[in-house]
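Peer 1: what would the 3D arrangement of this be:
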Amino acid sequence: MGRLIMNKTLYIVVFLLIGIGAFAQIPKNEIDVNINVFPKEKPALSINSNALLAGEALLYKIAILNEANKESELSKIAYVSLRNQSDSVVFNHKLKLKNGSGYGDFFLPADLKTGVYNLIGYTNFSRNNTAEAIDEKTIYVVNTFMENRGVSKSADTVRVNAIDTKGVSSFTHGSNEQSIRIKTDKQSYGYREKVKLSLESPIKNKGNYVLSVRQVNPIEISNKVSMHSQQNSFKTFYLPELRGEVVTGVVLSKKNSTPVVNKEVSFTIPGKEFVFKLAKTDKYGRFFFSVLEDYNAEKSIIQIIGEKGDTENYELVLDDKNLILRNSKPSILKIDPNLKEWLQERSVQLQVENAYFEKKRDSVHPRKLHPTFFNDMGVLYRLDDFTRFSTVRETFVEIITLAAIRGSGVNTRFLVYNEYDPNKLGKFNDIPPLVLLDGMMIQDNEELLNYNARDIKSIRVVSKPYRYGPKLFSGIISIETIKGDFVLSEKNLIEKIALQPAVEEKQYFKPDYKEGSKLSRIPDYRVQLLWNPQVDLTSSEYTTAFYTSDVSGIFEILLEGYTNKGQFISTKSYFTVTEN
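Peer 2: Got it, this is the predicted structure:
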């Protein structure tokens, strides 16, 4: 029954969001509904360690929860960012959420300074939740390759002290009485020995968890720093990215900076499987594009559609989804001299591990790129199958039987033919076709005619009327270049934006040292023995296995996450690894 109520709430929210436009962010005075009806959303981060060396990987998972700590059914995109204490960005990641969660990783480069960093996780919608807009983890980075210079005299001191890990308890302990029990087949292992691990629960703790196995660092952080706070605008309402990434903005008149209503705007992510969208501005001059498709390109193009010379009267202003945080007080890491030997040993181990990176690659799940919106409609002309011509006009005259070029100069226009009409007359020929070059809308036909036809790979013609977004076309002429690198001239009113692709899913590397393994002669100095960010406990028992490395010490098994009932679970267990 609770599920039914939740779904009803979701349907109401979706209906209201459609009613107000589904922009990424909207001034509250432009919203015609009571925003208090919307549920709240909050992020929750999990990491493999809060103390890392340059040359190691920061592994993370983000879960998006509702007010009951259950999986949020709203946002489908999350953002994770690593920043220093001045809010300078080390990396920004975009993640597509599945079942309310996503995961990623970042290799800490050799030029990343020793210091205090903050890992930030959020969604566009969670920014309305002023109490829990972001989740944040403090990351302490030690760089053994660089000296720590240029630190402010007023900086707070964060001490990194050496501790004796032999005192770490060797039994399982959890966050509550009904916690999940972690079991291993032994308490002590040798180098490269198989560890059999099982998770058992006295009750059904169905949910999605992260499972991490990592060596316990011989360090302790004291005088921990305070968290960032968000510079949020109470005048802005941030909407959830319900189906996928949302790109939004406003068209303004250059003359008086007033919003331009009913203006058509196009959006392109170039590439072989390009993404093309059309939209029309609303009464506030706003437009939005919902990008459901996966893509690889890191740049995109937005154009205002209009007659030649008309577009020069307008200005495109894009909404910025970047989260700005207030600077926190600077801190300096003061490292215990007793850690020198351990740091030197780990530094050498990391260099050896990274030297064999190619042999230990994670398995990346490639993005599933979608075909273009018209798929395989129409007729495809592969120009290498014909005699080549040097000009676009000759190519259309001699090869492209379902389309033509009429006129010259500024009066040049494209036509499509009805293949079944003996007079080659197409329907709605008084309306121009949609002409695309590498996915970018061509508004200046002369620019296409001046392009070298020998650089064109193929031309597809859809000779039937086609409505796309708010606009009707007599057909489609889609041209693909050989290199896929066509660039629109600056005289077209365009806005080039960096649009980072979503992080690709991975299956993290786990060696298999069964007899005859090709890895037997390769050094293994892993301290992260296992990282599984998507442990789905659908039964009362879960089993997995992994191998130890050539590193001795005490290792921690950590399981944490949320049950389907919204209960947070955190359980730890320990085992030792000794030299054979």
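
Peer 1: now do the strands in the stretch 351-500 of the chain.
Peer 2: Taking DSSP state E, counting those that start in this stretch as the criterion, the stretch 351-500 of the chain carries its strands at 363-364, 379-382, 403-406, 413-416, 434-437, 440-441, 456-462, 466-468, 471-473, 476-481, 494-498.

Peer 1: mind giving me a markdown table with these and columns for distance to residue 276 and mean neighbour count?
Peer 2: All C-beta spots, glycine's among them, are computed from the backbone N, C-alpha and C. A markdown table is the format used below for these (distance: least, Cβ to Cβ, whole Å; neighbours: other Cβ atoms under 10 Å):
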| stretch | distance to residue 276 | mean neighbour count |
| --- | --- | --- |
| strand 363-364 | 27 | 10 |
| strand 379-382 | 17 | 15 |
| strand 403-406 | 18 | 17 |
| strand 413-416 | 17 | 22 |
| strand 434-437 | 7 | 22 |
| strand 440-441 | 7 | 22 |
| strand 456-462 | 13 | 21 |
| strand 466-468 | 8 | 15 |
| strand 471-473 | 12 | 16 |
| strand 476-481 | 9 | 23 |
| strand 494-498 | 14 | 15 |
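
Peer 1: could I get those as a markdown table with distance to residue 274 and mean pLDDT?
Peer 2: Formatted as a markdown table, those follow (distance: least, Cβ to Cβ, whole Å; pLDDT from 0 to 100):
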| stretch | distance to residue 274 | mean pLDDT |
| --- | --- | --- |
| strand 363-364 | 22 | 92 |
| strand 379-382 | 15 | 96 |
| strand 403-406 | 20 | 93 |
| strand 413-416 | 19 | 93 |
| strand 434-437 | 8 | 96 |
| strand 440-441 | 8 | 94 |
| strand 456-462 | 12 | 97 |
| strand 466-468 | 14 | 93 |
| strand 471-473 | 17 | 93 |
| strand 476-481 | 9 | 96 |
| strand 494-498 | 15 | 83 |
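
Peer 1: got a markdown table for those, with distance to residue 73 too?
Peer 2: Listed next are those as a markdown table, based on distance: least, Cβ to Cβ, whole Å:
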| stretch | distance to residue 73 |
| --- | --- |
| strand 363-364 | 28 |
| strand 379-382 | 40 |
| strand 403-406 | 45 |
| strand 413-416 | 43 |
| strand 434-437 | 35 |
| strand 440-441 | 35 |
| strand 456-462 | 37 |
| strand 466-468 | 29 |
| strand 471-473 | 33 |
| strand 476-481 | 36 |
| strand 494-498 | 29 |
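
Peer 1: nearest to residue 284, of these?
Peer 2: Closest approach to residue 284 among these (Cβ to Cβ): strand 494-498, 18.3 Å.

Peer 1: if we can go back for a sec, quick one: closest of the strands of the stretch 351-500 of the chain to residue 579.
Peer 2: strand 363-364 (30.2 Å).

Peer 1: that closest one - contacts with which helices or strands?
Peer 2: When contacts are defined as 3 or more Cβ pairs under 8 Å, 6 or more residues apart in numbering; DSSP states H and E, strand 363-364 packs onto strand 506-507.

Peer 1: give the next helix or strand downstream of the strand it packs on.
Peer 2: Using DSSP states H and E, the helix or strand that follows strand 506-507 in sequence is strand 528-537.

Peer 1: what strands line up against that following strand, and which way round?
Peer 2: strand 207-215 (antiparallel) (DSSP bridges).

Peer 1: could you list the buried residues of the strand it pairs with?
Peer 2: 207, 208, 209, 210, 211, 212, 213, 214, 215 (16 or more other Cβ atoms under 10 Å).

Peer 1: please verify my assumption that the first one contacts residue 569.
Peer 2: Yes - distance between residue 207 and residue 569: 7.1 Å, which falls inside the contact criterion (Cβ atoms under 8 Å).

Peer 1: need the overlap of contacts for those two.
Peer 2: 561, 562, 563 (Cβ atoms under 8 Å, 6 or more residues apart in numbering).

Peer 1: ok, of these, which one's closest to residue 473?
Peer 2: residue 562 (48.1 Å).

Peer 1: helix or strand: which one has the spatially closest residue to residue 93 that is not a sequence neighbour?
Peer 2: Spatial nearest neighbour of residue 93, chain neighbours left out: residue 80 (4.6 Å); criterion: Cβ to Cβ, 6 or more residues apart in numbering. In the assignment (DSSP H and E), residue 80 maps to strand 77-84.

Peer 1: could you check the angle the very next helix or strand once past that strand makes with strand 77-84?
Peer 2: Going down the chain from strand 77-84, the next helix or strand is strand 89-96, by DSSP H and E. Put simply, strand 89-96 runs at 170 degrees to strand 77-84, going by axes from the mean of the first three to the mean of the last three Cα atoms, to 10 degrees.

Peer 1: give the rounded mean pLDDT of the helix or strand following strand 89-96.
Peer 2: Scanning forward in sequence from strand 89-96 by DSSP H and E, the next helix or strand is strand 101-107. For strand 101-107, mean pLDDT rounds to 96.

Peer 1: contacting residues around whatever helix or strand comes next after strand 101-107?
Peer 2: Next helix or strand after strand 101-107 toward the C-terminus (DSSP H and E): strand 115-122. The contact list for strand 115-122, computed with Cβ under 8 Å, 6+ apart, reads 43-45, 47, 58, 60, 62, 78-85, 90, 133-141, 148, 158, 225, 227-228, 323, 325, 328, 331-333.

Peer 1: same deal with stretch 73-80?
Peer 2: Residues outside stretch 73-80 that contact it (Cβ under 8 Å, 6+ apart): 6, 10, 13, 39, 41, 43, 45, 60, 62, 64, 66, 92-97, 100, 102, 104, 119-126, 240-246, 321, 323, 502.

Peer 1: start and end of that stretch, how far apart?
Peer 2: 19 Å (Cα to Cα, to the nearest Å).

Peer 1: cool, stretch 311-320 as well?
Peer 2: End-to-end distance for stretch 311-320: 23 Å, by Cα to Cα.

Peer 1: in that stretch, what's buried?
Peer 2: Here stretch 311-320 shows 311, 314, 315, 316, 319 as buried, counting by 16+ other Cβ under 10 Å.

Peer 1: which of those residues lies closest to residue 367?
Peer 2: Nearest member of the buried residues of stretch 311-320 to residue 367, counting by Cβ to Cβ, is residue 319, at 24.7 Å.

Peer 1: list the helices and strands the helix or strand containing residue 570 packs on?
Peer 2: Assigned by DSSP H and E, residue 570 belongs to strand 568-577. Counting contacts by 3+ Cβ pairs under 8 Å, 6+ apart, strand 568-577 packs against strand 173-174, strand 181-184, strand 188-189, strand 553-563.

Peer 1: just name the most buried of the ones you listed.
Peer 2: With neighbours taken as mean count of other Cβ atoms under 10 Å, the helices and strands packed on strand 568-577 reach their highest mean count in strand 553-563, at a mean of 21.

Peer 1: tell me, what residue is most central in this structure?
Peer 2: Nearest to the mean C-alpha position of the chain, by Cα atoms, centre = their mean, lies residue 94 at 2.1 Å.

Peer 1: so what's it up against?
Peer 2: The contact partners of residue 94, by Cβ under 8 Å, 6+ apart, come to 77, 78, 79, 245, 500, 501, 502, 503.

Peer 1: so how far is residue 507 from it?
Peer 2: Between residue 94 and residue 507 the computed distance is 20 Å (Cβ to Cβ, to the nearest Å).

Peer 1: residue 190 contacts residue 580, correct?
Peer 2: Yes - Residue 190 is in contact with residue 580 according to Cβ under 8 Å; the separation is 4.1 Å.

Peer 1: how far is the strand holding residue 80 from where the chain is centred?
Peer 2: Chain-centre distance of strand 77-84: 9 Å, with Cα atoms, centre = their mean, to the nearest Å.

Peer 1: what pairs with that strand, and is each one parallel or antiparallel?
Peer 2: Sheet pairing for strand 77-84, assigned by DSSP bridges, gives strand 89-96 (antiparallel), strand 115-122 (antiparallel).
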